[in-house]
Each structure stands twice: as C-alpha cells, then as structure tokens.
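A predicted structure for the sequence below; I have some questions about it.
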Amino acid sequence: MRDQFGNFLTDQFDAISIDWDALTASIVILATGFGISISQDAIAAGNELQAKVGSCVTE
C-alpha cells in the first residue's frame, strides 16, 4: 500500500490528474457561490418589485 502511494505521488500523469480535479472542484465551488448570490439577488429584486406594484395598485 505504501509503495502504491509513493508511486502515485511521483507519477507525473497522476499529478496532472490531481491538478485537473482541483481545478474542476474550484470551478464548481465558484459557480455554486455565484448561482446562490444571483438567486438571492433575484428574490430580493422580486420582493421589491412586488412591493412597488402593490403600492401602485392600492393608490
């Protein structure tokens, strides 16, 4: 087991694979955060629009 782990750390192909995995994970994390931010802003904008339309209708 220890030999396999040592070979994994020294193998250049596996190092490249780990780099791509880390890059993909970071892109997914950033996209998720961006999507959450947009959805929260959209909800806030919708609530604000609803309040403005509601005040215009009641006047």
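Yes, it's here. Quick caveat, the model's predicted, so the values are computed rather than measured.

and stretch 52-59, which residues are buried?
By neighbour count with 16 or more other CB atoms under 10 Å, stretch 52-59 contains no buried residues. Yep, even glycine has a C-beta here, placed from its N, CA and C like the rest.

taking the mean pLDDT, what do you get for that stretch?
Per-residue pLDDT over stretch 52-59 has a mean of 76.

low-scoring stretches of the protein, by residue?
Applying pLDDT under 70 to the chain flags residues 1-2, 4-16, 58-59.

at 90 what do you get?
1-22, 37, 40, 51-59 (pLDDT under 90).

Tell me which stretches of it form helices.
2-10, 12-58 (DSSP state H).

State the distance from the most centrally placed residue in the chain to Cys56.
The centroid of the chain falls nearest to Thr32 when counting by CA atoms, centre = their mean (2.2 Å). Computed as CB to CB, to the nearest Å, the Thr32 to Cys56 distance reads 37 Å.

next one: Ala45
Applying CB to CB to Ala45 and Cys56 gives a distance of 17 Å.

How about Ser26?
Ser26 sits 45 Å away from Cys56, going by CB to CB.

cool, and Phe34?
For Phe34, the distance to Cys56 equals 33 Å [CB to CB].

And for Gly46?
Taking CB to CB, one finds Gly46 at 16 Å from Cys56.

try Trp20
Trp20 is 53 Å from Cys56, where distance means CB to CB.

again with Ile38
27 Å.

And Ile27, by the same measure?
According to CB to CB, Ile27 stands 43 Å off from Cys56.

How about Leu23?
Taking CB to CB, one finds Leu23 at 49 Å from Cys56.

Run the chain-centre distance for stretch 52-59.
Centroid separation between stretch 52-59 and its chain, computed with CA atoms, centre = their mean, to the nearest Å, is 37 Å.

Just the C-alpha atoms of that stretch, please, in CSV.
In CSV, the C-alpha atoms belonging to stretch 52-59 read as follows (Å, rounded to 0.1, in the frame of the first residue of the first chain):
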residue,chain,number,x,y,z
LYS,A,52,-43.8,48.7,-5.7
VAL,A,53,-46.6,47.2,-7.8
GLY,A,54,-48.7,46.6,-4.7
SER,A,55,-48.4,50.2,-3.6
CYS,A,56,-49.3,51.4,-7.1
VAL,A,57,-52.4,49.2,-7.2
THR,A,58,-53.7,50.3,-3.8
GLU,A,59,-53.4,54.0,-4.6
